[in-house]
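Visitor: Provided below are the primary sequence and the corresponding predicted coordinates.
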Amino acid sequence: MSTYDPAALECLAAIVEEGGFERAAQRLNVTQSAVSQRLRALEAHVGSVLIVRSRPLRPTSAGQLLLKHTKQLRLLRADLERDLQELAPSAPGSGREDERISIAINADSIATWALDAVHDLVRQRLPLEIIADDQDFTQEWLRSGQVLGCVTTLKQAMRGCRMVPLGAMHYVAVASSSVAQKHLPNGLTAHNFREVPFLSFNRKDDMAAEFVARTFGLKRVALNHLFVPSTEGQLHAVKAGWAVGVLPELLVRPALAARDIVDVSPGHTLPIQLYWHCWNLESEVLEALTQALIEASARDLDQGNSGR
């Protein structure tokens, strides 16, 4: 049975995670030549190309398998570190910065409830890496083996993974008082939504269009978009009068109470069901992450149709 050099596997992971050989070398504190040599040796061992030299660099199918294996080894080492810390709490941790425990979470959850969920684990020195993406696309990070878990809107569990319902985030349509008074004096309607721009995270983000379509029973909606790739940034843009934002009620609740912004579609919300998917492995670290997310979501998300 073949064995693989852990240093070479971490080298492969660093190239993918950092997006290039130079930054991987900086992270591993070796020369760029050493990174190239380790990758060539690993490719020779596997008998297959592991990295597509494109922009950005991306792993091949074989590279994805080894990347997933590398992250599973990190998880085992994190479990060992956790157990050793329980045996000797005063001993310094030996976790390495480059051995990250990676998960993918949608930006709106990061801005509202998810950071509080993992706070205690991070304080316990879990080397956590959170990757932000649209909630409809975070599962692709799990599918490619680049993360060990993700928060997503997709319900179907992938092969080798488990799924836990978390609950629903409710989204509301908000605007500054000046925008509402000038363009939406009677609130957002099926006749005036085209007169105002809407904020979106990026071109993949269809939250605003889905809100308008569901609220007014429309099949297709074309909106005038402004792109702000930050949940907190979108709230700032709404307050500044840039556009209407469809944002988590959890996030905008204080601003609504302070009357910094107004709800332009009172009584209408868009519930988005969220799910936690992770590798189906026996791991104390993975279980601790799962439980932390479950407990926080039970507190902050709507459990009405969560299935828990």
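Guide: Good, I have the coordinates.

Visitor: how about the helices in this protein?
Guide: Under the criterion DSSP state H, the chain carries helices at the ranges 6-18, 21-28, 32-46, 61-87, 107-112, 114-123, 138-143, 177-183, 207-216, 231-239, 249-257, 284-300.

Visitor: and those helices, which one is worst for confidence?
Guide: Of all these, mean pLDDT reaches its minimum on helix 61-87 (a mean of 80).

Visitor: Let me know the angle separating it from helix 114-123.
Guide: Angle of helix 61-87 versus helix 114-123, following axes from the mean of the first three to the mean of the last three C-alpha atoms, to 10 degrees, is 60 degrees.

Visitor: quick one: helix 61-87 to chain centroid distance?
Guide: Distance, stretch centre to chain centre, for helix 61-87: 20 Å (C-alpha atoms, centre = their mean, to the nearest Å).

Visitor: Same question for stretch 220-229.
Guide: On C-alpha atoms, centre = their mean, the centre of stretch 220-229 falls 21 Å from that of its chain.

Visitor: Then stretch 107-124?
Guide: On C-alpha atoms, centre = their mean, the centre of stretch 107-124 falls 11 Å from that of its chain.

Visitor: Quote the end-to-end distance of that stretch.
Guide: This stretch, stretch 107-124, spans 24 Å end to end (C-alpha to C-alpha, to the nearest Å).

Visitor: For it, list every residue counted as buried.
Guide: By neighbour count on 16 or more other C-beta atoms under 10 Å, the buried set for stretch 107-124 is Ala107, Asp108, Ser109, Ile110, Ala111, Thr112, Trp113, Ala114, Ala117, Val118, Leu121. All C-beta atoms are positioned from the backbone trio N, CA, C, and that covers glycine.

Visitor: Point out the one among the helices of the chain that comes closest to Phe193.
Guide: The minimum distance between Phe193 and the helices of the chain falls on helix 207-216, with 5.3 Å, by C-beta to C-beta.

Visitor: contact partners of that closest one?
Guide: Applying C-beta atoms under 8 Å, 6 or more residues apart in numbering, the contact partners of helix 207-216 are 171, 173, 188-190, 193, 198-201, 218-223, 225, 244-246, 265, 268, 270, 272.

Visitor: Could I get the buried residue list for that helix?
Guide: Within helix 207-216, the residues that count as buried by 16+ other C-beta under 10 Å are Met207, Ala208, Ala209, Phe211, Val212, Ala213, Thr215.

Visitor: Need those residues in a markdown table (columns: distance to Lys239).
Guide: Compiled in a markdown table, those are given as follows (distance: C-beta to C-beta, whole Å):
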| residue | distance to Lys239 |
| --- | --- |
| Met207 | 19 |
| Ala208 | 17 |
| Ala209 | 22 |
| Phe211 | 19 |
| Val212 | 21 |
| Ala213 | 26 |
| Thr215 | 22 |
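
Visitor: so which of those residues comes closest to Gln291?
Guide: Taking C-beta to C-beta as the measure, Gln291 lies nearest Met207 of the buried residues of helix 207-216, at 28.6 Å.

Visitor: Can you spell out the domain ranges of this protein, please?
Guide: Split into domains by automatic domain parsing, the chain comes to 1-90, 169-271.

Visitor: From start to finish, how long is the longest one in a straight line?
Guide: As for domain 169-271, its first-to-last residue distance stands at 6 Å under the measure C-alpha to C-alpha.

Visitor: picking that back up, what's the closest of the buried residues of helix 207-216 to Asp134?
Guide: Asp134 lies nearest to Met207 out of those, by C-beta to C-beta, at 8.8 Å.

Visitor: ok, the closest one to Val172 distance?
Guide: To Val172, Met207 is 11 Å away according to C-beta to C-beta, to the nearest Å.

Visitor: what residue is smack in the middle of this structure?
Guide: The centroid of the chain falls nearest to Ile105 when counting by C-alpha atoms, centre = their mean (2.0 Å).

Visitor: Please list all residues in contact with that one.
Guide: Per C-beta under 8 Å, 6+ apart, neighbours of Ile105: Ala114, Ile130, Ile131, Ala132, Thr138, Cys150, Val151.

Visitor: how about the spatially closest residue to Asn186 that is not a sequence neighbour, what does it touch?
Guide: The shortest distance from Asn186 to any non-neighbouring residue, by C-beta to C-beta, 6 or more residues apart in numbering, is to Asn192 (7.9 Å). Neighbour list for Asn192: His183, Leu184, Asn186 [criterion: C-beta under 8 Å, 6+ apart].

Visitor: got it, and Ala62?
Guide: Val46, Ser48, Val49, Leu50.

Visitor: Could I have the buried ones of these as PyMOL selection syntax?
Guide: In PyMOL syntax, the buried subset of the contacts of Ala62 is picked out as below (16+ other C-beta under 10 Å):
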select buried, resi 46+50
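
Visitor: Take the contacts of Ala62 and keep only those in strands.
Guide: Residues from these lying in strands, with DSSP state E as the criterion: none.
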